[in-house]
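Colleague: Could you work out the structure for the sequence below:
(one chain, ligands or ions: 2)
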Amino acid sequence: MAVVPTTPREIEQAARVIREGGLVAFPTETVYGLGANALDASAVARIFEAKRRPSFDPLIVHVADRAMLLRVAREVPPQVEPLMEKFWPGPLTLVLPKAEAVPGIVTSGLPTVAVRMPAHPVALELIRQAGLPIAAPSANPFGYLSPTRAEHVERMLGEAVDLILDGGPTRYGVESTILLLAEKPVVLRHGAIPLEELESILGRVELRVGESVRPLVPGQLPQHYAPRTPIQVARPDEVPKELRKQSGYLAFQDVPKGFKLVKVLSPTGDLREAAAHLFEALHQLDRLGLPAIYAEPVPEEGLGRAIMDRLRRATVKD
Ligand code: TXA
Ligand code: MG
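Modeller: Numbers count the residues shown, from 1 in each chain. Ligands and ions are numbered 1, 2, ... in the order given. Down below sits the predicted model:
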């Protein structure tokens, strides 16, 4: 494994690794992805192996243009057009009918495929140069915090990846929003595109976030995105003084008193900035091996929904 900068030469080398069936970790505007040729079942199998991910879990396929979208989706329903127009390239994943060419391992045997066109220039260039759609989950071991920097990938998955493209910290810091277009549009995972923005185009959107009779989306599993340190959502004054002294605190805006270490997500109270810092701050707190981390609730509007969703899932213990 090598961590390399995102110069044209390195991107070309990474594209070659993808074409030859290898694994490349690459930056997107949301989080780092762990990519393989989406049309090659054994290459995709390596992703599951590297992440130790249960195979019921379907992956997102990343495309660079419309022609590539049509290689992986059997059909693009007309109601999708205005969404692609507005949000692509960008952090909106669309669940569409799957084309024959996509192997079952990518979609866990589902008749649908999740597709997005990432907005990061390195991701787009990598896909273009590979000339292939790239299947890529977030580049973290299953259930653990998502990576927003190349170092996170190196630390968590280094040995299992052929090449890591280092494009610096990611812009959004939370994953894409996942939208299923059935008879009605349904959000399956809150993410970087806020619900309000989707509703401004689609009208009312149904929510099926966290419903998991059959966990179609692992982001819907009750415990996910979790640090190793036990974590709880609590306002500072809800944490007993004695516990504060030895605990870490993930604060939204202000620094509370009495904690061993505090990370502030956004001093100005900006939810977008808070989302971008969320996983990085959790990685930092988790690394200290403290007995506990507490996280302050943020307003549940706009990107605050995705933040609270990730925090709640990180706190569930089964
Ligand atoms: O921002 C992102 O979406 C990042 C970057 C790398 O693009 N990727 C990401 O992938 O978050 P992953 O694998 O960690 O999450 C993908 C989610 C999974 O929860 C998966 O179950 C869901 O997409 N998914 C994939 N195919 C699906 C399908 N056909 N129907 C419903 N959900 C699907
Ligand atoms: Mg993930």
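Colleague: And stretch 30-42, what's buried?
Modeller: Neighbour counts using 16 or more other CB atoms under 10 Å place T30, V31, Y32, G33, L34, G35, A36, N37, A38, L39, D40 of stretch 30-42 among the buried residues. Placement of C-beta: from N, CA and C, glycine included.
Colleague: In strands only, show me the residues you listed.
Modeller: Mapping the buried residues of stretch 30-42 onto strands (DSSP state E) picks out G33, L34, G35, A36, N37.
Colleague: Looking at these, which is nearest ligand 1?
Modeller: Checking these against ligand 1 with CB to the nearest ligand atom, the nearest one is G33 at 3.0 Å.
Colleague: And for that closest one, nearest residue in space, chain neighbours not counted?
Modeller: The spatial neighbour of G33 that comes closest, neighbours along the chain excluded (CB to CB, 6 or more residues apart in numbering), is A136 at 3.3 Å.
Colleague: Let me know whether that neighbour touches N37 as I believe.
Modeller: No - assessed by CB atoms under 8 Å, A136 is found out of contact with N37, at 10.6 Å.
Colleague: Please tell me how far the nearest residue in space to A295 that is not next to it in sequence sits from F26.
Modeller: With CB to CB, 6+ apart as the measure, L250 is the residue that lies nearest to A295, at 4.1 Å, once sequence neighbours are left out. Distance, L250 to F26, by CB to CB, to the nearest Å: 27 Å.
Colleague: next one: L179
Modeller: 23 Å.
Colleague: Settle it for me: which of the two has more neighbours?
Modeller: With neighbours defined as other CB atoms under 10 Å, L179 and F26 compare such that F26 has more, 30 against 25.
Colleague: Specify the beta-bridge partners of the more buried one.
Modeller: G33 (DSSP bridges).
Colleague: can you tell me which residues contact it?
Modeller: Taking CB atoms under 8 Å, 6 or more residues apart in numbering, we find F26 in contact with A14, Y32, G33, G35, V122, A123, L126, A136, I164, L165, G167.
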